[in-house]
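A.B. asks: Need a 3D model of the sequence below.
(2 chains)
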Amino acid sequence: MQNIRLRFAPSPTGALHIGGVRTALYNYLLARKFNGTFILRIEDTDQTRYVPGAEDYIVEALQWCGIVPDEGPGFGGEYGPYRQSDRKDIYAKYAKELVASGNAYYAFDTPEELNAKRAQSAEGDHSVWKYDSHTRMSMRNSLTMPAAEVEQLLADKTPYTVRLKVPANDEVIIQDRVRGEVIFQTNELDDKVMLKADGMPTYHLANIIDDHLMQITHVIRGEEWLSSTAHHVLLYRAFGWEDTMPEFAHLPLILKPAPESFINKNNLAELAERFTGDLMQKHGDTPGLKEDSTLKAITQLFQDKASLSSRLKVKDKEPEDKKVLKTYLKDSLYGKLSKRDGDRLGMPVFPLSWEGETEADSFLGFREAGFLPAAVVNFLAFLGWNPGTEQEIFSLDELIEAFDLEKISKSGARFDYDKARWYNQQYLLQMPAAELPPLVRPIIEAHGHQPEADYLEGFCDLMKERAVLLTDFWTGGYYFFEPIRDYDDVNIRKRYKPERRPLFENFIGQLDELSNFDAVHTKEAAHTFMEETGLKFGDVLPILRLGLAGTMQGPDVFRMMELMGKETVVTRLREGLNYFDNLINS
RNA sequence: GGCCCGUUCGUCUAGGGGUUAGGACGCAGGAUUUUCAUUCCUGAAACACGGGUUCGAUUCCCGUACGGGCUACCA
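C.D. replies: Okay, the predicted model is just below:
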């Protein structure tokens, strides 16, 4: 394979969702593996869906993951421009060529007329009306109208589209690198719009022209494109480019996580509430749909999660509100992972946070949730691909080495947030000591603390095997930087014996006397203390831990003391004893 | 509804005509530990169903069921 060229072609309609990142990754991996070129192309042909900032977001997200384009807007390259809106003239020219060669035609039907057709058909036999080889001769287009009239309409600037004239009674055979042979009958294919009334091309036209002009050799994209690939092949044929047509590989979709995996006793109520709120917001005007009964119904469905999917089947004779409820739940619990799922399920589905116009349009990213890019990349790579070995941890370079189109699986992969967390933990655990503090520092600083380098280093060393996400360094270790906020009252009641207070005060005094406060010496002091008093580890250590951190969870007590330093330790322990007594006496 | 794609533990998956169907996440139990975590050990857990083909099918073929995608002047 020589000089392979692959592209990632997102559309800047908002934040790039994690499935898009995986598509980009696979394209990148294959390009790198064979010393090819990875291209970023911005597909902004839908002016109505354009979102400012989305393109910057896409670039930043890719860079964060280490997926850097060789060519693209802002990255240079010989095949630009790489933004489709800058290539409008090219598409118009080719569209005209398509009409001239008899492979496309002008269509003057208005969107309203088309919608009416579809509505009419839907009422009849449930079939869907299509603009295709069976119906095109009864529509208003350059195939049915006299040439002079068409010329006149064009000259009058009547809005028109250009549609592909799909040949009848033919077959399109696609050799997909993931799925093998896929066959489509052209009679089933509609005459897709190539050029819209606003002069912009549709995805179908633009992507074929650009892939050809940019000499793309492999198209790796999501399975949602498989159905329209037949049209794309037809276009290559129409342009006479079939012999240089790229290879196709359609990736399995990333699906929503299995309900069984995220519905559990702890979050059931919260989850049910979130779903109810979302449902009411969307369908609140449905007759009979009441918030309290809906919440009850959803809670009940979630409780019996084993039979969830079968209980969401909609029956014809059910009342409208029930149908709405079931349809909503089915759509939001199953199927492909979507933007909203992150909020509903309480997990990130975007690489980076996105600030939308409203809060409902803003999303938390993996980066802000405390994930390392390498972990996200590793996790994503394994969602739909597997090297066939038992190795789980792969650096980007190792992924490039191991990646192989033939190993991509065919069936959709459920998004597994726990697995993502596990990957992150593994990367944290493996990380060389020097690399961690720079990553943790911003999190600590965001909470208003400027730790000394040594202190931060020691802190990271103590916390690293207790953290899954970078943000855990703060949530699990904030007390190294500021006073204790929450004491674990349950454990204090269980462990603290007020009559031992004088003993502990004594011990604190002994600690205060120590000239060397390292872990070895404080431990020694504790041993002496226990020998003198007859107390056991289990009597002493929990008290110290609770006094120092407020919680039973945390690093080795003596190492904690060493890092905090004598002054803090002594003060905290004294304050702790006061708190314990107050608690017991209250 | 039509077209297309898929189906191995709850999840990600390996495997492949004869295997004790392998690994990982998660879960349960145990060891270590002053706690939590790490680490280690153990366990429960899968070839959707029905027909073929075959000496033999989870593996090949065909159906069914189920899941998914598409069905826009969106990408």
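A.B. asks: Tell me which other helices or strands the top helix by length along chain A touches.
C.D. replies: The longest helix of chain A (DSSP state H) is helix A:566-585. Counting contacts by 3 or more CB pairs under 8 Å, 6 or more residues apart in numbering; DSSP states H and E, helix A:566-585 packs against helix A:489-495, helix A:501-513, helix A:537-549. The way it works is simple: take the backbone N, C-alpha and C, and place the C-beta from them, glycine included.
A.B. asks: Next secondary structure after the second one?
C.D. replies: It stands for helix A:501-513. Where DSSP states H and E defines the elements, the next helix or strand beyond helix A:501-513 is helix A:519-533.
A.B. asks: So for that following helix, mean pLDDT?
C.D. replies: For helix A:519-533, mean pLDDT rounds to 92.
A.B. asks: Pull out the buried positions in that helix.
C.D. replies: A:521, A:522, A:523, A:525, A:526, A:529, A:530 (16 or more other CB atoms under 10 Å).
A.B. asks: and which of these is nearest to RNA strand B?
C.D. replies: residue A:523 (8.1 Å; CB to the nearest atom of the strand).
A.B. asks: Verify the stated contact: the closest one with residue A:558.
C.D. replies: Yes - counting by CB atoms under 8 Å, residue A:558 is a contact partner of residue A:523 at 4.5 Å.
A.B. asks: Apart from its neighbours in sequence, what residue is nearest the residue of the stretch 101-250 of chain A found nearest RNA strand B?
C.D. replies: Going by CB to the nearest atom of the strand, RNA strand B is nearest to residue A:197 of the stretch 101-250 of chain A, at 3.1 Å. Using CB to CB, 6 or more residues apart in numbering and skipping residues adjacent in sequence, the residue nearest residue A:197 is residue A:159, 4.2 Å away.
A.B. asks: Ok, residue A:26 next?
C.D. replies: Nearest non-adjacent residue to residue A:26, counting by CB to CB, 6+ apart: residue A:220, 5.1 Å away.
A.B. asks: and what of residue A:352?
C.D. replies: Spatial nearest neighbour of residue A:352, excluding adjacent residues (CB to CB, 6+ apart): residue A:365 at 3.9 Å.
A.B. asks: quick one, what contacts that neighbour?
C.D. replies: If you count contacts by CB atoms under 8 Å, 6 or more residues apart in numbering, residue A:365 has them with A:15, A:348, A:350, A:351, A:352, A:353, A:354.
A.B. asks: Residue A:330 now?
C.D. replies: By CB under 8 Å, 6+ apart, the neighbours of residue A:330 are A:309, A:312, A:314.
A.B. asks: Which phi and psi values does it adopt?
C.D. replies: phi -60, psi -40 (degrees, to the nearest 10).
A.B. asks: Looking at it now. What's its pLDDT?
C.D. replies: 89.
A.B. asks: Any figure for the gap between it and residue A:313?
C.D. replies: 8 Å (CB to CB, to the nearest Å).
A.B. asks: what is the residue nearest to residue A:352 paired to in the beta sheet?
C.D. replies: residue A:350 (DSSP bridges).
A.B. asks: Relative to RNA strand B, how far out is it?
C.D. replies: In this view, residue A:365 and RNA strand B are 20 Å apart by CB to the nearest atom of the strand, to the nearest Å.
A.B. asks: Residue A:284 now?
C.D. replies: Residue A:284 sits 23 Å away from RNA strand B, going by CB to the nearest atom of the strand.
A.B. asks: what pLDDT does that residue get?
C.D. replies: Looking at residue A:284, its pLDDT reads 83.
A.B. asks: And for the one 4 residues further on?
C.D. replies: At residue A:288 the predicted local distance difference test score is 84.
A.B. asks: Now do the contacts for the spatially closest residue to residue A:83 that is not a sequence neighbour.
C.D. replies: Spatial nearest neighbour of residue A:83, excluding adjacent residues (CB to CB, 6+ apart): residue A:42 at 4.5 Å. Counting by CB under 8 Å, 6+ apart, residue A:42 touches A:9, A:10, A:11, A:12, A:55, A:58, A:72, A:73, A:82, A:83, A:84, A:85.
A.B. asks: One more: residue A:403?
C.D. replies: A:26, A:29, A:30, A:33, A:381, A:385, A:387 are the contacts of residue A:403 under CB under 8 Å, 6+ apart.
A.B. asks: re earlier: what does the longest helix of chain A contact?
C.D. replies: Helix A:566-585 is contacted by residues A:484, A:487, A:489, A:492-493, A:496, A:498, A:501, A:504-505, A:508, A:511-512, A:514, A:517, A:543-544, A:546-548, A:561, A:564 when judged by CB under 8 Å, 6+ apart.
A.B. asks: repeat for stretch A:489-500
C.D. replies: Residues from elsewhere that reach stretch A:489-500 (CB under 8 Å, 6+ apart): A:535, A:539, A:542, A:543, A:546, A:552, A:579, A:580, A:581, A:583, A:584, A:585.
A.B. asks: and the first one, what does it touch?
C.D. replies: By CB under 8 Å, 6+ apart, the contact set of residue A:535 is A:500, A:503, A:529.
A.B. asks: so the last one sits right up against residue A:510, yeah?
C.D. replies: By that I understand residue A:529. Yes - taking CB under 8 Å as the definition, residue A:529 is a contact partner of residue A:510 at 6.6 Å.
A.B. asks: which residues in the stretch 201-350 of chain A form helices?
C.D. replies: Applying DSSP state H, counting those that start in this stretch to the stretch 201-350 of chain A gives helices spanning A:203-213, A:226-239, A:259-262, A:268-283, A:291-303, A:308-311, A:320-333, A:339-345.
A.B. asks: Worst mean pLDDT among these?
C.D. replies: Mean pLDDT is lowest for helix A:308-311 among those, at a mean of 80.
A.B. asks: same for that one, what does it pack against?
C.D. replies: Looks like helix A:308-311 contacts helix A:291-303 (3+ CB pairs under 8 Å, 6+ apart).
A.B. asks: how about the helix it packs on against RNA strand B, any contact?
C.D. replies: No - residues of helix A:291-303 are not located near RNA strand B by CB under 7 Å from any atom of the strand, the shortest gap being 14.4 Å.
A.B. asks: Are we agreed that residue A:6 is in a strand?
C.D. replies: Yes - the assignment for residue A:6 (DSSP: H, G, I helix; E, B strand; the rest coil) places it in a strand.
A.B. asks: how about the residues of the stretch 401-550 of chain A that lie near RNA strand B?
C.D. replies: So the stretch 401-550 of chain A meets RNA strand B at A:407, A:409-414, A:416, A:418-419, A:421-422, A:425, A:429, A:465-466, A:537-538, A:541-542, A:545 (CB under 7 Å from any atom of the strand).
A.B. asks: So which of these are in strands?
C.D. replies: Among those, the members falling in strands (DSSP state E) are A:413, A:414.
A.B. asks: Out of the residues of the stretch 401-550 of chain A next to RNA strand B, which end up buried?
C.D. replies: For these, a burial check counting by 16+ other CB under 10 Å picks out A:412, A:413, A:416, A:419, A:421, A:425, A:541, A:542, A:545.
A.B. asks: And the residues you listed, which two are furthest apart?
C.D. replies: A:412 and A:541 (49.5 Å; CB to CB).
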